[in-house]
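In: Requesting a structural model of the entry that follows:
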Amino acid sequence: MTGLARLLLLGALLGALPGAAQGLSAVFDGDPIDATHGLPYEILPGKPLVQPGPDGALGTADDITTPAIVGDIDLVVRAGAVSAGAIPTAALAGGALPRAVAGARGAGGSEIAFTVFLSDGIVSAETPAGRRLAAADMNGLPVIVAAFPDLDGDGIIGPTLQAAGSDALALELRELEPVGRAAALFGNGVAQGSLAVRQGLAASRGGLRVALVAMALTGPLDPAFFDGAIPAGPAIATALPFLPQRDLARLVRDRAVPAGPDTTLQQLIQFAAVPPPDAYTLRLDGSEPSIDGAIIESQAAVRVGVRNGAAARDVDLPLDHLSLGTEGLASVARLWLVPVDRFDNPADPPPGFVVSVAVDGPLRLLAPRALRRGAPLLIRNASGVRVAGRTVGAGTGTVRVERDGIAVAALPYAVDAVDNQPRADLYLPNAAQPDLQAGIDTATDVNHDGHVVVAVRAGVHNGALVIRQPLQLIGAGRGRTILLGDGGAPVLTASAPGVIVRGVTAIGGTRGFALGSGAQLVDSLAWRNLGDGVLLSGAAASVRQSEARENGGDGVRAAAGAVQCSDNELRDNSGFGASVAAADSTWRANRVVRNGLGGLLLDGADGATASDNRVVLNVGNGIELRDAPSARVIDNLCAFNDGTGLRIDSSDGVFVSGNDIDTNNGYGIFLRRSADIDFAATPGAQPPPGDNRAVDNRKGDVFIRPD
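Out: Numbers count the residues shown, from 1 in each chain. Just a heads-up that it's a prediction; the model follows:
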């Protein structure tokens, strides 16, 4: 069964579930039942029942809350391989938190042991987490344990009222992403395993505190339900820092395999929507009896991470590419060289951690002064060393860092006049203008430099914004300036021509960004929107050096001609990584990974070009052409996709050259109803595979269907 077919089947089965009769687990004894479906409500412990409103989406403004129905404790997690007797007190309640080193045991780390208990929910002073429940109906079913990080060190996971509208809240929203997940199987009401956490902090900074939570699906493993890979539900959970995503079609996107500790059921613990401040926060003071905690230290420093930022607080924001301009502030590079472990965590450097820095291309390093003389730098602590430089022309280059003659960091950069950032005419929000929409509507060219530039400060701000005049909207960087949608509209719509949006994150809208004619999206993030991450609805719109991940639709959808999409990360979206229904578009150097319906779809995209993309691990096909005549598919990697690597259907005159099509679960190259296809750069039309490499594909490397 193909990945797409499995998803369609899953959707149909999910729709049929409410009417399905099934035996309920003993863990639900005494719990309130939804009379409409005959199934228990899914409610977080200690929280009121929340159900989707008429829009069918959880976490939007029309949600229905029933304060009279409150969840009890069904599931409890404890750090450590504790005895299978009564549920013990959490280490968070006053004991010493267990410590581990970031990474799995096989990768130099040490894992956190955990024990999960089923609880009868009967709490008292003696049993604050309830009493252990030996529910035989749960034997053999998987439970997922996840770790959520306290990145700002305030002892709370998730957004708080105190941080609302501040730079700190942007960091707190990042705490809603788990940094480690593992599975275990229940037996006699207990499940035990160990959890590797990929993120940590240097021991000199006290390590990184994490909260351990758990979630499980109840019900039978029915072969008719997702090939028997997962139970059919309902779900039970410990306290979580958000309302969890309930739509399994958006959660389970991988191949159907037997449920067990090594399966991708780990994807289950995701938020349905960004929670309101202080609504679902997890406090690491022992006041929440269903969860526990641990401390994760980074491994020893083995290389250097290059970060972009004016202050040391930015050293935890990875940087893989730097865009600079040719004049003004855009020509200044402010970097930090940070000692990091193999997982890119800031780490304590060993004594004498000396590095040398070299730059090729149009960038000159100015500080520290030792760099001008070519002298080495001593990095003394986990915060690293600040480096500054200025561009001396346009072009590309690389910042290289070496230690003992071995390269320990390489940062590519590009300098282009298109990235020059004029001085801001207006900073939002401010005391006189707290409302972003009003400020955008009334912004003018105050400094008379020929540009209208609105700078949006770091922090979390209400979205559903519409830009109706040509201007530049500049955030403080993705992950720092966050626009939060309400689930009823795109987070940001650029309806005026020529709008530039840079350094912004869009979360929680019907779409992330909707871009009109000539609009540009640069160095931004579309994350967890209900539909597409980015819609290119106007001719010549573009998105570059940005990211679209975990959106409910496609990562990027193009519906207008001559659009461009380059050097982006499109991953873990429920639809395609990118879908194109417009002519003469260009898709170059994108990383298209683990999307639910396929990688790159060119559907009615005459003359489109897809080149130098890495399209891997998608549930459907890697690159698919439907009615895309005269398209060009050049130098792409299509590997480990669940369907065919490259599928061409009803598309005449396509040029296919230099692609690596390797280890896909379907065919390597599939061709039908298409004429005049040239599979090599040599003169004359060449048959497949031509100069393309197609090897180790499960159904065959080349298949030509006669119809």
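In: Show me the shaky parts of this protein.
Out: 1-23, 163-167, 222, 224-229, 247-267, 309-317 (pLDDT under 70).
In: mind listing the helices for it?
Out: Residue ranges of the helices in the chain, as given by DSSP state H, are 3-16, 167-174, 248-251, 436-442.
In: ok, residue 55 touching residue 488?
Out: Yes: under the contact definition of C-beta atoms under 8 Å, residue 55 touches residue 488, with a separation of 7.4 Å. To be clear about C-beta, it is placed using only N, CA and C from the backbone, and glycine gets the same treatment.
In: Look up how far residue 24 lies from the residue nearest the centre of the chain.
Out: For the chain, the residue lying nearest the average C-alpha position, counting by C-alpha atoms, centre = their mean, turns out to be residue 549 (4.6 Å). Distance of residue 549 to residue 24, given as C-beta to C-beta, to the nearest Å: 36 Å.
In: Residue 308 is in contact with residue 322, isn't it?
Out: Yes: here residue 308 lies in contact with residue 322, judged by C-beta under 8 Å, at a distance of 6.2 Å.
In: Now that residue 327 has come up, it's in contact with residue 419, right?
Out: No: using C-beta under 8 Å, residue 327 and residue 419 do not qualify as a contacting pair, with a distance of 10.1 Å.
In: neighbour count winner among the two?
Out: More neighbours surround residue 419 than the other of residue 327 and residue 419, with 20 against 11 (other C-beta atoms under 10 Å).
In: Not including adjacent chain positions, what is the nearest residue to the more buried one?
Out: Nearest in space to residue 419, with sequence neighbours left out and distances taken as C-beta to C-beta, 6 or more residues apart in numbering, is residue 325 at 4.2 Å.
In: From residue 331, how far off is that neighbour?
Out: When C-beta to C-beta is the yardstick, residue 325 and residue 331 sit 5 Å from each other.
In: Give the intersection of the neighbour lists for these two.
Out: 391, 415, 420 (C-beta atoms under 8 Å, 6 or more residues apart in numbering).
In: okay if I get the residues you listed as JSON lines plus neighbour count and distance to residue 65?
Out: As requested, the shared contacts of residue 325 and residue 331 are arranged in JSON lines below (neighbours: other C-beta atoms under 10 Å; distance: C-beta to C-beta, whole Å):
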{"residue": "391", "neighbour count": "23", "distance to residue 65": "53"}
{"residue": "415", "neighbour count": "24", "distance to residue 65": "52"}
{"residue": "420", "neighbour count": "16", "distance to residue 65": "49"}
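In: which one of those is nearest residue 698?
Out: Within the shared contacts of residue 325 and residue 331, proximity to residue 698 (C-beta to C-beta) peaks at residue 415, which comes in at 44.5 Å.
In: That closest one contacts residue 362, correct?
Out: Yes: in this structure, residue 415 is within contact of residue 362 by C-beta under 8 Å, at 5.1 Å.
In: Between these two, which contacts overlap?
Out: Contacts common to residue 415 and residue 362, judged by C-beta under 8 Å, 6+ apart, are 391, 393-395, 397.
In: With residue 209 as the reference, measure out to the residue lying closest to residue 168 once chain neighbours are set aside.
Out: Taking C-beta to C-beta, 6+ apart, and ignoring the residues beside it in sequence, residue 168 has residue 152 as its nearest neighbour in space, at 5.8 Å. The spacing between residue 152 and residue 209, counted by C-beta to C-beta, is 11 Å.
In: who has more neighbours, those two?
Out: When neighbours are counted by other C-beta under 10 Å, residue 152 and residue 209 differ, and residue 209 comes out ahead with 22 against 19.
In: which residues touch that one?
Out: Contacts here follow C-beta under 8 Å, 6+ apart; on that basis residue 209 touches 97, 149-150, 153, 155, 284, 293-295.
In: And residue 543, how far from residue 524?
Out: In this structure, residue 543 and residue 524 are separated by 8 Å, where distance is defined by C-beta to C-beta.
In: so what's in contact with these two at the same time?
Out: Each of residue 513 lies in contact with both residue 543 and residue 524 under the rule C-beta under 8 Å, 6+ apart.
In: How about the contacts made by the closest residue in space to residue 485 that isn't next to it in sequence?
Out: What sits nearest to residue 485 in space, not counting adjacent residues and going by C-beta to C-beta, 6+ apart, is residue 509, at 2.9 Å. Residue 509 makes contact with 463-464, 485-492, 529-531, according to C-beta under 8 Å, 6+ apart.
In: Am I right that the residue nearest to the centre of the chain is in contact with residue 527?
Out: Yes: with contact defined as C-beta under 8 Å, residue 549 reaches residue 527; the gap is 5.8 Å.
In: Find residues that contact each of the two.
Out: residue 533.
In: that older thread, neighbour-wise, give me the winner out of the contacts of residue 209.
Out: Using other C-beta under 10 Å as the neighbour criterion, residue 293 leads the contacts of residue 209 with 28 neighbours.
In: Just list whatever residues bridge to that one.
Out: Counting by DSSP bridges, residue 293 is bridged to residue 211.
In: Test my guess that residue 453 contacts residue 427.
Out: No: between residue 453 and residue 427 there is no contact under C-beta under 8 Å: 9.8 Å.
In: In contact with residue 322, which residues?
Out: By C-beta under 8 Å, 6+ apart, the residues touching residue 322 are 308, 333, 335, 399, 411-414.
In: let's see 7 Å
Out: Residue 322 makes contact with 308, 333, 411, 413 under the criterion C-beta atoms under 7 Å, 6 or more residues apart in numbering.
In: Enumerate every residue touching the closest residue to the second one other than its chain neighbours.
Out: When you say that, I think you mean residue 333. Beyond its immediate neighbours in the sequence, the residue positioned closest to residue 333 (C-beta to C-beta, 6+ apart) is residue 389, lying 4.5 Å away. Counting by C-beta under 7 Å, 6+ apart, residue 389 makes contact with 333, 363-366.
In: now residue 389: how far from residue 378?
Out: Look at residue 389 and residue 378: by C-beta to C-beta, they are 19 Å apart.
In: same question, residue 103
Out: Here the criterion is C-beta to C-beta. By it, residue 103 lies 27 Å from residue 378.
In: Between those two, tell me which one has more neighbours.
Out: More neighbours sit around residue 103 than around the other of residue 103 and residue 378, counting by other C-beta under 10 Å; the figures are 24 against 13.
In: that older thread, identify, from the contacts of residue 509, the entry nearest to residue 645.
Out: Among the contacts of residue 509, and counting by C-beta to C-beta, the member closest to residue 645 is residue 531, at 27.3 Å.
In: can you tell me which residues contact the closest one?
Out: Residue 531 neighbours (C-beta under 7 Å, 6+ apart): 510-511, 551-553.
In: Neighbours of residue 290, how many?
Out: Other residues within reach of residue 290, judged by other C-beta under 10 Å, total 29.
In: which one is it nearest to, not counting chain neighbours?
Out: Nearest to residue 290 is residue 238, by C-beta to C-beta, 6+ apart, at 3.9 Å.
In: wait, that neighbour sits on residue 214?
Out: Yes: with contact defined as C-beta atoms under 7 Å, residue 238 and residue 214 form a contacting pair (4.9 Å).
In: And those two? Which one has more around it.
Out: Set side by side, residue 238 and residue 214 show more neighbours around residue 238, with 30 against 27, by other C-beta under 10 Å.
In: Thanks a lot, catch you later.
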